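Peer 1: Sharing a sequence plus its predicted fold:
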Amino acid sequence: MIHAPAFLAGSPWLDRLLDRLASAKVAVFGDLFLDAYWELAATPSETSLETGLDAHRVQRQRYSPGGGGNVAVNLAALGAQVVEVIGVVGADMFGDELVRQFTSRGLPANGVLRGPPGWQTLVYAKPYQGARELNRFDFGIGQLLPADNRRELLERLEDAASACPVVVINQQVPGGWPADMVAEINALVLRHPHTLFVVDSRDHAGRFPEVALKINLREAARLLGDGGDARTPDAAPRLAAALAKRQHRPVLVTRGEHGLVLAAQGELYDIPGIELPGTVDAVGAGDTALAAFAAAWAVDAPPLEAATLANLAAAITSRQVRITGVATPAQLRAAGPAPDYVNAPGLAARTNSARFLPGTSIEIVTGRRPAKRIRHAIFDHDGTISVLRQGWEKIMEPMMIAAILGPHRADADEATQARVTAAVRSFIDRTTGIQTLAQMKGLVDLVREFGFVAAAGAPDEHGYKAIYNEELLALVRERVARIKRGELAPDDWQVKHARRVLERLHAAGIRLYLASGTDEADAIAEAEVLGYAPLFTGGIFGAVGDLRAEAKRDVLARIIRASGADGDQIVVIGDGPVEMREGRRCGAYAVGIASDEVRRHGLDLRKRARLIRAGADLIAPDFCQADALLAHLGLA
């Protein structure tokens with residue numbers, strides 16, 4: 001099995017492939033939907049005199065193509081040539097809007113036929129109240145297209161198959177297509193052996209032999225008759241291989257946040273999920289993956305690159321909320337070619353397969369060992385060494401909830417409160433370790449997404465940071481005052497035996513650096529109060545109020561640039577995902593400290609999970625077993 005992170009690391013594959021996509025020729029055939037997003041005001045506009053019912057006020061409406069239309073739009077966004085979009089719409093206002101959506105994006109609409117009298121355009125209308133999606137309205141479901149209209153569509157499909165190396169066939173309408181239409185498509189496929197037909201079918205995937213399949217994990221398990229255990233992400237390679245053997249064509253199995261698997265040309269390509277900031281909305285991500293895969297295949301991209309592009313594009317789309325989104329070359333270049341892959345999600349979710357250094361509670365995650373003598377050690381601060389800021393999440397969470405709900409904080413119903421709270425907790429969990437300003441920029445996006453606060457009245461990220469810092473620094477100042485009064489000692493605000501490890505490393509000639517997401521002046525002041533600032537001869541670095549400057553990444557780059565050290569001469573030690581990812585990206589050895597900040601010793605399982613997902617090589621709950629930890633690093 002081939003894994004993307006290992007085989008494409010350091011390769012310019014992404015720029016090279018994106019530059020070639022302009023020559024990709026793809027046609028799209030099938031169900032053309034219009035996705036309608038109706039954003040409702042929080043309060044009714046009036047009560048109907050006739051019915052006594054509240055009237056919902058639509059304050060904003062947005063439309064975008066869905067189904068096969070969304071595949072076509074994503075192909076266009078990638079820069080591919082969409083030779084034809086083939087499907088049917090009604091002679092109604094929604095059909096007019098769908099055609100307008102295609103032409104405004106430069107897509108050909110001559111293959112979009114108007115249905116017979118009374119035919120309704122396929123529409124999924126999605127009303128939203130704040131971030132909550134209400135019951136959907138479906139238009140056009142259950143219609144049967146007359147035989148002459150189907151014949152006209154198939155004639156256009158025949159022409160497109162002669163002109164394109166790849167044709168996407170999309171069937172999404174519940175109930176599917178009649179048997180004779182499926183049979184005619186299969187006959188057409190056999191007449192064009194040099195064209196790759198990629199089928200994404202809700203109801204008929206098993207009735208299309210000799211075609212490539214794009215299919216999700218649940219559908220693949222159902223198609224093969226496997227039980228519930230086959231629907232776990234780890235089962236995807238086996239399912240993909242079995243389907244590819246049956247189809248004699250590539251099979252792409254998507255598995256949500258766990259990425260995807262491609263079986264093609266006798267190989268399996270396992271592409272892990274990607275961590276990207278922001279709220280997750282998976283609607284349309286499968287269409288994006290399909291479009292990216294089809295475009296890459298049309299220019300003869302290697303299977304690994306085609307699958308990796310599909311995975312990256314889907315991750316980008318899944319962060320576009322309440323819209324059937326697209327991934328553009330600019331977005332792909334910003335996220336790749338080496339995005340933040342999720343490492344070992346199965347191990348992160350479970351502890352029963354953990355392995356440990358003999359006689360210790362230090363978990364071995366990757367089996368990597370430092371290749372050379374460690375010369376530089378970069379430490380995160382809060383939660384790794386210091387617990388002066390312990391409890392920051394309990395300050396940030398209610399502050400963010402209040403910012404999102406705004407004037408509706410007191411009157412929001414229980415379900416709304418629960419949705420906002422869940423979104424905030426998920427966001428904090430994903431962004432732990434990045435600089436506070438970046439978290440507040442994310443809060444700005446959350447406030448906009450939920451829509452309870454008018455944009456004109458909301459602070460920017462600097463305003464939110466000031467509100468948060470005021471509460472947090474009050475807590476820190478009170479703790480520092482107790483140290484200065486002699487009521488508590490500096491060691492009372494440190495992870496167990498952290499100071500002892502710093503002193504041993506310093507005495508061994510290891511150059512120490514402190515890199516924090518906290519403002520730099522505060523990080524320096526707190527390290528001085530706790531008594532270990534002089535040990536960091538490499539410097540203390542923190543946030544400087546610039547979202548482009550990430551202290552941990554910048555320090556790693558500075559060490560490598562200034563000292564000429566290879567990445568494997570560096571160890572990065574921290575309790576957050578950022579330092580794990582940045583360390584692994586430059587080849588450093590990554591030690592995760594999954595500290596319980598309340599007790600100052602012992603394991604925090606939530607930290608363990610996110611550190612493993614971020615790429616930690618080793619997990620220690622604290623520094624109590626320093627001898628074993630330093631021996632493993634070659635520093636005993």
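Peer 2: Good, I have the coordinates. Values in this document were obtained by computation on a predicted structure and should not be read as measured data.

Peer 1: State the mean pLDDT of stretch 85-99.
Peer 2: Stretch 85-99 carries an average pLDDT of 97.

Peer 1: do stretch 368-380 as well
Peer 2: On average, stretch 368-380 scores 88.

Peer 1: Relative to the whole chain's centre, how far out is it?
Peer 2: Here stretch 368-380 is found 29 Å from its chain centre; the criterion is C-alpha atoms, centre = their mean, to the nearest Å.

Peer 1: Endpoint to endpoint, it covers what distance?
Peer 2: 21 Å (C-alpha to C-alpha, to the nearest Å).

Peer 1: Same question for stretch 423-443.
Peer 2: 10 Å.

Peer 1: Which positions in that stretch come out as buried?
Peer 2: The neighbour-count criterion (16 or more other C-beta atoms under 10 Å) identifies 423-424, 427-428, 430-443 as the buried residues of stretch 423-443. Where C-beta positions appear, they are placed from N, C-alpha and C, glycine not excepted.

Peer 1: So which of those are in helices?
Peer 2: Taking DSSP state H, the ones among the buried residues of stretch 423-443 that sit in helices are 423-424, 427-428, 430-431, 436-443.

Peer 1: Run a quick neighbour tally on G130.
Peer 2: 20 (other C-beta atoms under 10 Å).

Peer 1: longest helix anywhere in this protein?
Peer 2: Longest helix in the chain, counting by DSSP H: helix 461-484.

Peer 1: Report all helices and strands that the helix or strand following that one contacts.
Peer 2: Next along the chain after helix 461-484, taking DSSP states H and E as the criterion, comes helix 498-507. Judged by 3 or more C-beta pairs under 8 Å, 6 or more residues apart in numbering; DSSP states H and E, the packing partners of helix 498-507 are strand 511-519, helix 626-632.

Peer 1: pLDDT on the longest helix of the chain, on average?
Peer 2: Rounded mean pLDDT across helix 461-484 is 94.

Peer 1: buried sites along that helix?
Peer 2: E461, Y464, K465, I467, Y468, N469, L472, L475, V476, R479, V480, I483.

Peer 1: circling back to that earlier point, just name the most buried of the helices and strands packed on helix 498-507.
Peer 2: Most buried of these by mean neighbour count (mean count of other C-beta atoms under 10 Å) is strand 511-519; its value is a mean of 24.

Peer 1: what packs against it?
Peer 2: strand 376-379, helix 436-450, helix 498-507, helix 520-530, strand 539-543, helix 551-563.

Peer 1: what inclination does that strand have with respect to helix 551-563?
Peer 2: Counting by axes from the mean of the first three to the mean of the last three C-alpha atoms, to 10 degrees, strand 511-519 lies at 150 degrees to helix 551-563.

Peer 1: picking that back up, ok, residues contacting the longest helix of the chain?
Peer 2: Contacts with helix 461-484, where a contact means C-beta atoms under 8 Å, 6 or more residues apart in numbering, come from 388-389, 391-392, 395-396, 399, 403, 436-437, 440-441, 443-444, 459, 488-490, 492-493, 519, 522, 526, 529-530, 545, 547.

Peer 1: picking up where we left off before, adding distance to V83, write the buried residues of helix 461-484 out as JSON lines.
Peer 2: JSON lines is the format used below for the buried residues of helix 461-484 (distance: C-beta to C-beta, whole Å):
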{"residue": "E461", "distance to V83": "44"}
{"residue": "Y464", "distance to V83": "48"}
{"residue": "K465", "distance to V83": "50"}
{"residue": "I467", "distance to V83": "53"}
{"residue": "Y468", "distance to V83": "52"}
{"residue": "N469", "distance to V83": "55"}
{"residue": "L472", "distance to V83": "57"}
{"residue": "L475", "distance to V83": "62"}
{"residue": "V476", "distance to V83": "62"}
{"residue": "R479", "distance to V83": "66"}
{"residue": "V480", "distance to V83": "67"}
{"residue": "I483", "distance to V83": "71"}
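
Peer 1: For those residues, which two are the farthest from each other?
Peer 2: Within the buried residues of helix 461-484, two members stand farthest from each other by C-beta to C-beta: E461 and I483, at 31.3 Å.

Peer 1: hmm, back to that, okay, the helices and strands packed on helix 498-507 in CSV with distance to P358 and mean pLDDT next?
Peer 2: Formatted as CSV, the helices and strands packed on helix 498-507 follow (distance: least, C-beta to C-beta, whole Å; pLDDT from 0 to 100):
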stretch, distance to P358, mean pLDDT
strand 511-519, 28, 90
helix 626-632, 8, 95
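
Peer 1: Take the ones you listed and lay them out in JSON lines including distance to A236.
Peer 2: Shown next, in JSON lines, are these (distance: least, C-beta to C-beta, whole Å):
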{"stretch": "strand 511-519", "distance to A236": "35"}
{"stretch": "helix 626-632", "distance to A236": "33"}
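
Peer 1: Out of those, which is closest to C586?
Peer 2: Nearest of these (C-beta to C-beta): strand 511-519, 12.8 Å.

Peer 1: So what touches the closest one?
Peer 2: Under C-beta under 8 Å, 6+ apart, the answer for strand 511-519 is 375-382, 385, 389, 433-436, 438, 469, 502, 505-506, 523, 526-527, 535-545, 551-552, 555, 559, 576, 578-579.

Peer 1: So in that sheet, which strands flank that strand, and in what orientation?
Peer 2: strand 376-379 (parallel), strand 539-543 (parallel) (DSSP bridges).

Peer 1: which of those sits most buried?
Peer 2: strand 376-379 (a mean of 26).

Peer 1: Could the C-alpha coordinates of it be exported in CSV?
Peer 2: The C-alpha coordinates for strand 376-379 follow below in CSV (Å, rounded to 0.1, in the frame of the first residue of the first chain):
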residue,chain,number,x,y,z
HIS,A,376,18.6,21.8,19.8
ALA,A,377,15.4,21.4,21.8
ILE,A,378,12.4,23.6,21.2
PHE,A,379,9.8,23.7,24.0
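
Peer 1: That'll do, ta.
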